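> could you look at this predicted model? Sequence included:
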Amino acid sequence: MKIDEIGDGWSVCSMEIEERHRNANHGVMGGAIFTLADLAFAAASNNTHVQTVAQQVSVNFLSGSRGTRLTAKAVCRKDGRTTAVYNVDVTDDLGRDIAELVFTGFKL
């Protein structure tokens, strides 16, 4: 996984899908998708704020990836005094929507 782009309140991260990321049904494991989204959240929130950690996360897995690469785009929706809310969308290189996540971050 790597940080491809980063700015004030946003980031783009990606990963190549390898065999070790697949489950018994040959789909990409939810944990791998979540970890990529968590990296995008961490990059965006810690680039903008004081040290920020995930306090609560909601995830909807939308479809399985048929591609070879996943991309997560994080965007700050609300920047409060002690918390921040980020939307993270995960897509594959074929343009499929893979997951959508909402992170509530707590500023330490």
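That came through, no problem. Remember, it's a predicted structure, so these values are computed and weren't measured experimentally.
> quick one, what contacts residue 63?
96-98 (CB atoms under 8 Å, 6 or more residues apart in numbering). No exception for glycine: its C-beta is placed from N, CA and C like everyone else's.
> most neighbours of all those, which one?
residue 98 (23 neighbours; other CB atoms under 10 Å).
> can you pull the buried residues of the helix or strand hosting that one?
Assessed by DSSP states H and E, residue 98 sits inside strand 97-107. The neighbour-count check on strand 97-107 (16 or more other CB atoms under 10 Å) flags 98-101, 103-105, 107 as buried.
> could you give me the average pLDDT of it?
Computed over strand 97-107, the mean pLDDT rounds to 98.
> sheet partners, orientation included, of it?
Note on strand 97-107: by DSSP bridges, its sheet partners are strand 52-61 (antiparallel), strand 83-92 (antiparallel).
> packed most tightly, which of these would that be?
strand 83-92 (a mean of 21; mean count of other CB atoms under 10 Å).
> ok, and what's touching that one?
Residues outside strand 83-92 that contact it (CB under 8 Å, 6+ apart) are 17, 33, 36-37, 40-41, 44-45, 48-49, 52, 55, 65-78, 97-107.
> can you tell me which residue is spatially central in the chain?
Against the mean C-alpha coordinate of the chain, by CA atoms, centre = their mean, the closest residue is residue 37 at 1.5 Å.
> and the gap between residue 38 and residue 95?
23 Å (CB to CB, to the nearest Å).
> who's more crowded, the two?
Counted by other CB under 10 Å, residue 38 and residue 95 do not tie: residue 38 has more neighbours, with 19 against 7.
> which residues touch the more buried one?
Per CB under 8 Å, 6+ apart, neighbours of residue 38: 54, 57, 103.
> closest one of those residues to residue 23?
residue 57 (20.2 Å; CB to CB).
> how close does residue 51 sit to residue 106?
Distance from residue 51 to residue 106, by CB to CB: 10 Å.
> ditto for residue 7
From residue 7 to residue 106 the distance is 22 Å (CB to CB).
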